[in-house]
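K.L.:
Just need the structure, nothing else, for what follows:
(one chain, ligands or ions: 1)
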Amino acid sequence: MENLTMTDSREMLLSADQPTTITVAKGDGIGPEIMNATLRILKAAGAPLQFDMIEVGEKQYLSGNSSGIPESAWDSIRKNKVFLKAPITTPQGGGYKSLNVTMRKKLGLYANIRPCASYHPYVSTKHPVMDLVIIRENEEDLYAGIEHQQTDEVIQCLKLISRPGCERIIRYAFEYAQQYGRKKVTCFSKDNIMKQTDGLFHRIFDEIGAEYPNIEKEHWIIDIGAAKLADSPEIFDVIVTLNLYGDVISDIAAQIAGSVGLAGSANIGTHCAMFEAIHGSAPKIAGENIANPSGLIQAAILMLVHLKQNAIAEKIQHAWLKTIEDGIHTPDIYKEGMSKVKAGTAEFADAVIERLGCIPEHFKTVSYTSSTFESRLKPYVRRAPMKKELVGVDVMVHWNGSDAGELANKVLSGLTTNFTLKMISNRGTAVWPNSLPETFCTDHWRLRFIGTDANTPIPKNQLLSLLEMLDRSGIDYIKTEHLYTFDGKPGYSMGQGQ
Ligand code: NAD
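P.N.:
From the prediction side, this is the model:
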């Protein structure tokens, strides 16, 4: 068997067609094993590809490059525009940022597409009828990674959701469904709690969904939606959701389909695309030749379709399905009675290669059509600005007391500006003017001030006088959030219980 090493800079595949150069990273943990398997299959199938090998991940991190990726690797990806990536290990602690998240965000890969299907009866699953696609927003949400410790006891992480982010992913989901003959798009959000952020996602789902009358639409609150997905995945077709929920439910969906090792994903942007397995680097089984390379093989098939190399994609998928049908299974999906051969990673790849040109007997054959919908995705157009008025301010303060009334008195005794103290909350729960003795309070308090004259917007410079006043009263303010109305509607949430 040919050994494709990490240090090879370029590997040319023999092909009659002009090869396309793609960037490849073998990653960490099981990455090199599953990437070698996948590249051997691509090569044996005659994919007209040339590989530009880069090194990203753990070695880069540990050599002192906190981003995990050298400049030259960015150049390769930006030039080739298509990146096949094995999983990488993010070292624990030490402030290392996830390279996967950095890639997706820096390259503008806003859509993460994760098909999850079951391969009954050959791969054991409680859900024989399962064929769904999760379309996950890939750049925003809590993955903005903006975290701050504000008091001894409280750390915050900002959840950022934008109109362009929502519009782009939701339109992508509907166009995807349209192109691939899917019947229904389901939106998962938690807008009963996060009315502003998740509320925007749900609202835009309704707005854009109205443009697709032939596609069925539904919305589920993520908690019961995820429960339903784990219990009855057959009722779902295309699911569109925010970044964190999509991350969690796609692992669930892959696992209940048979194994987290089976699913691949595409990260699509306007300029570049990145293809990877959905699982991580599985360091505990690295080097043992037991990892399932199927997730990365499926990612490579998604990549071939993206490159319009549909015939090669079909050839590999048919050979892969035939291998699964023939009971040649890696240990994660091996089952006595159904499986015939417990294959290692390399042997599984050999079996797929032997079957190139074969057609599956049980599974349906596939016929890939290159997507044309991406050219129909309208670029985001910024709307006319709304009328934005400053009506108040939330001031977060670090205070070690426990009685909100005492804090209120301290604030009110020095309040000389045109503000009224409307509410004090602790971790979002209103604790003044009315409170319950049972409410637990930390050292992180929010003072909500509104303008004394409700009909007059507040000039911004008055915020500074307010902060100076708090400072003089010995109040340790740590952060402010302005309260705006947009076209007269409040752009902020109420306190819990307010
Ligand atoms: P993981 O996906 O690596 O492993 C979870 C479980 O699934 C383990 O039991 C593992 O053995 C098993 N598994 C995963 N892939 C398999 C395969 N192909 N065949 C057979 N079994 C497989 O998740 P983790 O343990 O939480 O993370 C390990 C490392 O991977 C961490 O450093 C994490 O940051 C990283 N990670 C990377 C990516 C990526 O590069 N896209 C994604 C997720 C996690």
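K.L.:
Let me see the mean pLDDT of stretch 35-44.
P.N.:
Stretch 35-44 carries an average pLDDT of 98.
K.L.:
ok, Met469 to the ligand distance?
P.N.:
Going from Met469 to the ligand by CB to the nearest ligand atom, to the nearest Å gives 46 Å. Every residue, glycine included, has its C-beta placed from N, CA and C.
K.L.:
Okay, that residue and Ser413: tell me how far apart.
P.N.:
With distances taken as CB to CB, to the nearest Å, Met469 is found 10 Å from Ser413.
K.L.:
One more: Gln309?
P.N.:
73 Å.
K.L.:
Compare neighbour counts for those two and give me the winner.
P.N.:
Gln309 (24 against 9; other CB atoms under 10 Å).
K.L.:
Correct me if wrong: the more buried one contacts Leu42.
P.N.:
No. Applying CB atoms under 8 Å, one finds Gln309 not in contact with Leu42, separated by 9.6 Å.
K.L.:
Look at the residue in the chain positioned nearest to the ligand and give its secondary structure.
P.N.:
Proximity of the chain to the ligand (CB to the nearest ligand atom) peaks at Gly280, 2.5 Å away. Put simply, Gly280 is coil when judged by DSSP: H, G, I helix; E, B strand; the rest coil.
K.L.:
what are the phi and psi values for it?
P.N.:
phi -90, psi -160 (degrees, to the nearest 10).
K.L.:
And for Ala111?
P.N.:
In terms of degrees, to the nearest 10, the main-chain angles of Ala111 are phi -120, psi 130.
K.L.:
and if you look at Gly392?
P.N.:
phi 180, psi -170.
K.L.:
That one: what's it in contact with?
P.N.:
Neighbour list for Gly392: Phe419, Lys422, Arg448, Phe449, Ile450, Gly451, Ile458, His482, Leu483 [criterion: CB atoms under 8 Å, 6 or more residues apart in numbering].
K.L.:
can I get these in CSV with distance to the ligand and secondary structure?
P.N.:
Converted to CSV, the contacts of Gly392 look like this (distance: CB to the nearest ligand atom, whole Å; DSSP: H, G, I helix; E, B strand; the rest coil):
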residue, distance to the ligand, secondary structure
Phe419, 46, strand
Lys422, 43, strand
Arg448, 39, strand
Phe449, 42, strand
Ile450, 44, strand
Gly451, 47, strand
Ile458, 45, coil
His482, 36, strand
Leu483, 38, strand
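K.L.:
Please indicate which of those has the highest neighbour count?
P.N.:
Neighbour-wise, the contacts of Gly392 (other CB under 10 Å) top out at Phe449, 26 neighbours.
K.L.:
Strands along the stretch 251-400 of the chain, start to end?
P.N.:
Ranges of strands within the stretch 251-400 of the chain are 264-268, 273-277, 328-329, 341-342, 388-398, based on DSSP state E, counting those that start in this stretch.
K.L.:
just checking, next helix/strand downstream of the longest one?
P.N.:
Going back to what we said before, that points to strand 388-398. helix 404-413 (DSSP states H and E).
K.L.:
If you count neighbours, what's buried in that next one?
P.N.:
Ala404, Leu407, Ala408, Lys410, Val411 (16 or more other CB atoms under 10 Å).
K.L.:
So what does Pro433 look like in phi/psi?
P.N.:
phi -80, psi -20.
K.L.:
got a list of what it touches?
P.N.:
If you count contacts by CB under 8 Å, 6+ apart, then Pro433 has Ala408, Met423 around it.
K.L.:
Tell me the predicted confidence for Asp17.
P.N.:
55.
K.L.:
switch to numbering from 832
P.N.:
New numbering, starting at 832: the last item is Asp848.
K.L.:
unless I'm mixing things up, Ile986 is touching Gln980, no?
P.N.:
Yes. Ile986 is in contact with Gln980 according to CB under 8 Å; the separation is 4.6 Å.
K.L.:
Pick the most buried one from the strands of the stretch 1082-1231 of the chain.
P.N.:
Mean neighbour count, computed with mean count of other CB atoms under 10 Å, is highest for strand 1104-1108 among the strands of the stretch 1082-1231 of the chain, reaching a mean of 27.
K.L.:
Alpha carbons of it, as PDB, please.
P.N.:
Provided in PDB are the C-alpha atoms of strand 1104-1108 (Å, rounded to 0.1, in the frame of the first residue of the first chain):
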ATOM      1  CA  ALA A1104     -15.400  25.500   0.600                       C
ATOM      2  CA  MET A1105     -14.100  23.100   3.200                       C
ATOM      3  CA  PHE A1106     -15.000  19.400   3.500                       C
ATOM      4  CA  GLU A1107     -14.500  17.300   6.700                       C
ATOM      5  CA  ALA A1108     -15.900  14.400   8.700                       C
END
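K.L.:
Give me the angle between it and strand 1095-1099.
P.N.:
160 degrees (axes from the mean of the first three to the mean of the last three CA atoms, to 10 degrees).
K.L.:
same question for strand 1104-1108, mean pLDDT?
P.N.:
What strand 1104-1108 shows for mean pLDDT is 96.
K.L.:
Quick one: distance of it to the chain centre.
P.N.:
13 Å (CA atoms, centre = their mean, to the nearest Å).
K.L.:
That one pairs with which strands?
P.N.:
Using DSSP bridges, strand 1104-1108 pairs in its sheet with strand 913-916 (parallel), strand 1095-1099 (antiparallel).
K.L.:
for the ones you listed, which one sits closest to Asp1078?
P.N.:
strand 1095-1099 (10.6 Å; CB to CB).
K.L.:
So is that closest one next to the ligand?
P.N.:
No. Judged by CB under 6 Å from any ligand atom, strand 1095-1099 makes no contact with the ligand; its nearest approach is 8.5 Å.
K.L.:
circling back: what's the burial count for the nearest residue to the residue of the chain closest to the ligand once chain neighbours are set aside?
P.N.:
Distances taken as CB to CB, 6 or more residues apart in numbering place Pro918 nearest to Gly1111, at 4.9 Å, with adjacent residues excluded. Neighbour count of Pro918, defined by other CB under 10 Å: 26.
K.L.:
Tell me if I am right that Pro918 is in a helix.
P.N.:
No. Counting by three-state DSSP, Pro918 is not found in a helix; it is coil.
K.L.:
List the contacts of it.
P.N.:
Pro918 neighbours (CB under 8 Å, 6+ apart): Gly858, Asp859, Gly860, Ile861, Gly862, Glu1107, Ala1108, His1110, Gly1111, Ser1112, Ala1113.
K.L.:
residues in contact with the nearest residue to the fifth one once chain neighbours are set aside?
P.N.:
Across the structure, with CB to CB, 6+ apart as the measure, the residue nearest Gly862 apart from its sequence neighbours is Ala917 (3.3 Å). Residues counted as contacts of Ala917 (CB under 8 Å, 6+ apart) are 856-859, 861-863, 865-866, 1107-1108, 1112, 1127.
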